[in-house]
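**Student:** Need the 3D shape of this:
(one chain, ligands or ions: 1)
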Amino acid sequence: MIEIIKEEAIKDHIPIIMDDTLNEISKILIQEKPKQILEIGTAVGYSAICFSKFLHEYGKIDTIEIDEVRAKKAIDNIRKMNLEKKINVIIGNAIEIMPTLTTKYDIIFIDAAKGKYPIFLKASIRLLNTNGIIIADNVLYKGYVLGEYNKHKQRTAVTNLREYIKLVTEDKNLETKILDIGDGIAITRKKGTASN
Ligand code: SAM
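**Tutor:** Alright, predicted model coming up:
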């Protein structure tokens, strides 16, 4: 069934997590056994469904999607997989929704508008447990981010991804690894000294 969801997403040109990225994140999830995951950017639920098998026994995923059609498809896919008790889809703009959330998360996966990553980061730090991990996908964006790229097209995304990397690598309360896997993944742990 998960293979059908993946194939359908690819056929419909819906951007879903790359296999290498999923493998890398799966390793982290196996280690962390998270009780609470937050995902920014559900699309049709593919990554959330894949992550759900690594949750703690009583673990849950909240996932936010701005596009109503995609969110409804995600809800449908999640129901077909019998995962509606584990995965909660929130329809709306994560920039507006994140400040209203009160749960604290062990893992936050950022996989939405690249130009908004610094905003997602700020909201994520507030929602993250101490020692929790923020995983951000596409941070190297086709090699543009660490290269000389300065074209008008995609400039906002590239500028904001550069800003994201600066923020997560320079904040003393955070510890970050950037992996050249898939489209680039930033893995950021909130250190014990960081304020919640
Ligand atoms: N995580 C999904 C997966 O791997 O199966 C893929 C997510 S796709 C790369 C990014 C999604 O983020 C899109 O469906 C898009 O509509 C959504 N998105 C973009 N900006 C958003 C925002 N501000 N709030 C919530 N969702 C957003």
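**Student:** what's next to the top strand by length along the chain, contact-wise?
**Tutor:** Longest strand of the chain, by residue count under DSSP state E: strand 128-137. Outside strand 128-137, the residues that touch it by CB atoms under 8 Å, 6 or more residues apart in numbering are 17, 21, 25, 28, 32, 36, 104-111, 117, 120-121, 124-125, 164, 168, 182-192, 194, 196. In short, each C-beta sits where N, CA and C put it, glycine included.
**Student:** taking those one by one, which sit in strands?
**Tutor:** Per DSSP E, the contacts of strand 128-137 map to strands at 36, 105-110, 185-190.
**Student:** From the residues you listed, pick the one nearest the ligand.
**Tutor:** Among the ones in strands among the contacts of strand 128-137, F109 lies closest to the ligand (CB to the nearest ligand atom), at 7.0 Å.
**Student:** So the closest one sits against A43, correct?
**Tutor:** No. Checked against CB atoms under 8 Å, the pair F109 and A43 is beyond contact range at 11.9 Å.
**Student:** ok, the nearest residue to L83 once chain neighbours are set aside to N88 distance?
**Tutor:** Distances taken as CB to CB, 6 or more residues apart in numbering put S52 closest to L83, at 5.5 Å, once the chain neighbours are dropped. Per CB to CB, to the nearest Å, S52 is found 11 Å from N88.
**Student:** joint contacts of those two?
**Tutor:** Joint contacts of S52 and N88 (CB under 8 Å, 6+ apart) are I61.
**Student:** Between those two, tell me which one has more neighbours.
**Tutor:** When S52 is set against N88 and neighbours are counted by other CB atoms under 10 Å, the residue ahead is S52, at 19 against 15.
**Student:** measure that one to D62 for me?
**Tutor:** For S52 relative to D62 (CB to CB), the value is 12 Å.
**Student:** what does T102 give?
**Tutor:** Taking CB to CB as the measure, T102 falls 11 Å from D62.
**Student:** same question, S26
**Tutor:** Going from S26 to D62 by CB to CB gives 19 Å.
**Student:** Pull stretch 124-137 out as PDB, backbone CA atoms only.
**Tutor:** Extracted in PDB, the C-alpha atoms of stretch 124-137 (Å, rounded to 0.1, in the frame of the first residue of the first chain):
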ATOM      1  CA  SER A 124      10.400  24.900  16.000                       C
ATOM      2  CA  ILE A 125      13.000  25.800  18.700                       C
ATOM      3  CA  ARG A 126      10.100  26.800  20.900                       C
ATOM      4  CA  LEU A 127       8.300  23.500  20.300                       C
ATOM      5  CA  LEU A 128      11.300  21.200  20.600                       C
ATOM      6  CA  ASN A 129      12.100  19.200  23.800                       C
ATOM      7  CA  THR A 130      15.600  19.600  25.100                       C
ATOM      8  CA  ASN A 131      17.800  17.100  23.300                       C
ATOM      9  CA  GLY A 132      15.100  17.000  20.600                       C
ATOM     10  CA  ILE A 133      16.100  17.100  16.900                       C
ATOM     11  CA  ILE A 134      15.100  19.300  14.000                       C
ATOM     12  CA  ILE A 135      15.600  17.700  10.600                       C
ATOM     13  CA  ALA A 136      15.400  20.100   7.700                       C
ATOM     14  CA  ASP A 137      15.300  18.700   4.100                       C
END
